[in-house]
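Visitor: Structure, please.
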Amino acid sequence: MSVVQQTNLIEMRHPLRDDDREAAISVLDRTQRLFAEFGGASREAYDAMTAQTPIADGVDLERVESADVKGWWIRPESAVAGRAILFLHGGAFVLGSATAYRGLASQIAVRAGIDTFVLDYPLAPEHAFPAAYDAVIEALRWIAQSGIRDIALVGDSAGGGLALAALGADGGRSMNVSCVATFSPWLDLALTGPSSRSEETRDPVLTRPILADAAAAYLGSADPADRRASPLYHLPAHLPPIAIQVGTDELLLDDARCYAAAAAQRGNTVQLEIYEGLHHVFQRSTDELASARYALDQVAGFVLRCGSAIARP
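Guide: Down below sits the predicted model:
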C-alpha cells in the first residue's frame, strides 16, 4: 500500500492482492451469468446479485414500515448506544432494495458495532427526482427524532451520491451527521468525468449508456447539476469527515477523485482509498475477496474514529 498525504487529504493506493486476482474474475463471471439467467439488468437480477453478500452472524433484523420510512434495522450484539448508521443502497436510482442489501449493511454493522438502518427509498422511473433524495432527508430526521445524536451516512454507488447530497448546505450539521463513507459513489449525473468519458476506461460492470439511461430515468427534465442529484457540483463550505473507496477499473473513478480533491481544498478531512484492479462496489464480495473484507474493516474503523472524536470533550 502506498500513502500520499496532502493537506486534509489522505490518499491510499492498495495494490491488487494475488489471492484476489483470480477471485475477482470469478465474481464478475458469476454476476454475468446471473444477469443472463434473469434476462437482463432487471430489479430481480440486481437483488439476487446483491443478496449474495451473507448476513453477518450476531445481528437482529427488524423490518420497519411506517408512514415516514421503510427499511430494515440491523442491530449487532452490544451495539454502541446513541449512534446509528444510515445505509443507502446503490442501483443507479432504478434498482436495489433494503432487503437485498441487508448482507452488505450487516457486514459493516458488526464491524463497527453500530445499529444500522437500511433505507428503502423510492426508485425511478416510477418515482422521479428528487424522490430518493427527499426520502433520505426524511430518514435522517426520523433517526434524529428517535434521540440519536450521531449518525454516520454510508452508501454505495447511487447511494453514495445520495449520502453526500444529503449533507446539504450546512454539511449535515442540522441532521446530526458525524461522517460519511462511500463505495464507488456516483456524484456527477452529467457524466463529465474523464474516466466516465474515456474509451480507455476498463469497467467490467458499468457502461456509459447504462449510466446515461439511469440518469435520464431518475432526473426526467431536472438539471443534472442540481446539488441534490450531483453533489460534485455543490460542496458545502464545511463537511464532516469523509471516506471514499473506489476501484481503478471504474467509470466513476474520477467522480471519487474530483470530490475528494475539492472537499480537501475547502479544508475538510478526506480519506480516499483506491484499489488497483478492482471493480465497482467490489466490497459486496466478502466471501470471495480479501480486499472486500479489508475495505469494510477500513470503513468501520473510520466510522468508529469519527464517533470517538465527537465523544471527546
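Visitor: remind me which residues of the chain are low pLDDT?
Guide: Scanning the chain for pLDDT under 70 picks out 308-313.
Visitor: Which residue ranges of it form strands?
Guide: 2-6, 9-14, 59-65, 70-76, 83-88, 116-119, 150-156, 177-183, 242-247, 270-275 (DSSP state E).
Visitor: any chance of the ones you listed in a markdown table, plus distance to residue 218 and mean neighbour count?
Guide: Any C-beta I mention is one placed from the backbone N, CA and C, and that applies to glycine too. Output for the strands of the chain, formatted as a markdown table (distance: least, Cβ to Cβ, whole Å; neighbours: other Cβ atoms under 10 Å):
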| stretch | distance to residue 218 | mean neighbour count |
| --- | --- | --- |
| strand 2-6 | 34 | 10 |
| strand 9-14 | 30 | 17 |
| strand 59-65 | 24 | 13 |
| strand 70-76 | 19 | 22 |
| strand 83-88 | 14 | 27 |
| strand 116-119 | 16 | 27 |
| strand 150-156 | 15 | 27 |
| strand 177-183 | 18 | 27 |
| strand 242-247 | 21 | 27 |
| strand 270-275 | 26 | 23 |
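Visitor: Any idea how many residues pack against residue 194?
Guide: 12 (other Cβ atoms under 10 Å).
Visitor: on that earlier part again, the strands of the chain: which one's closest to residue 129?
Guide: Within the strands of the chain, the stretch nearest residue 129 is strand 83-88; the backing value is 15.1 Å (Cβ to Cβ).
Visitor: And that closest one, what does it pack against?
Guide: The contact analysis (3 or more Cβ pairs under 8 Å, 6 or more residues apart in numbering; DSSP states H and E) places strand 83-88 against helix 102-112, strand 116-119, helix 131-145, strand 150-156, helix 158-165.
Visitor: Swap in 10 Å and give it another go.
Guide: strand 70-76, helix 102-112, strand 116-119, helix 131-145, strand 150-156, helix 158-165, strand 177-183, helix 290-311 (3 or more Cβ pairs under 10 Å, 6 or more residues apart in numbering; DSSP states H and E).
Visitor: With distance to residue 192 as new columns, can the ones you listed be given to me in a markdown table?
Guide: A markdown table is the format used below for these (distance: least, Cβ to Cβ, whole Å):
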| stretch | distance to residue 192 |
| --- | --- |
| strand 70-76 | 32 |
| helix 102-112 | 29 |
| strand 116-119 | 28 |
| helix 131-145 | 20 |
| strand 150-156 | 21 |
| helix 158-165 | 14 |
| strand 177-183 | 19 |
| helix 290-311 | 27 |
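Visitor: Out of these, which is closest to residue 36?
Guide: Of all the helices and strands packed on strand 83-88, helix 102-112 comes closest under Cβ to Cβ, at 22.2 Å.
Visitor: Give the buried residues for that closest one.
Guide: By 16 or more other Cβ atoms under 10 Å, the buried positions in helix 102-112 come out as 102, 103, 104, 105, 106, 107, 108, 109, 110, 111, 112.
Visitor: which among those residues gets closest to residue 28?
Guide: For the buried residues of helix 102-112, the nearest to residue 28 is residue 104 (17.2 Å; Cβ to Cβ).
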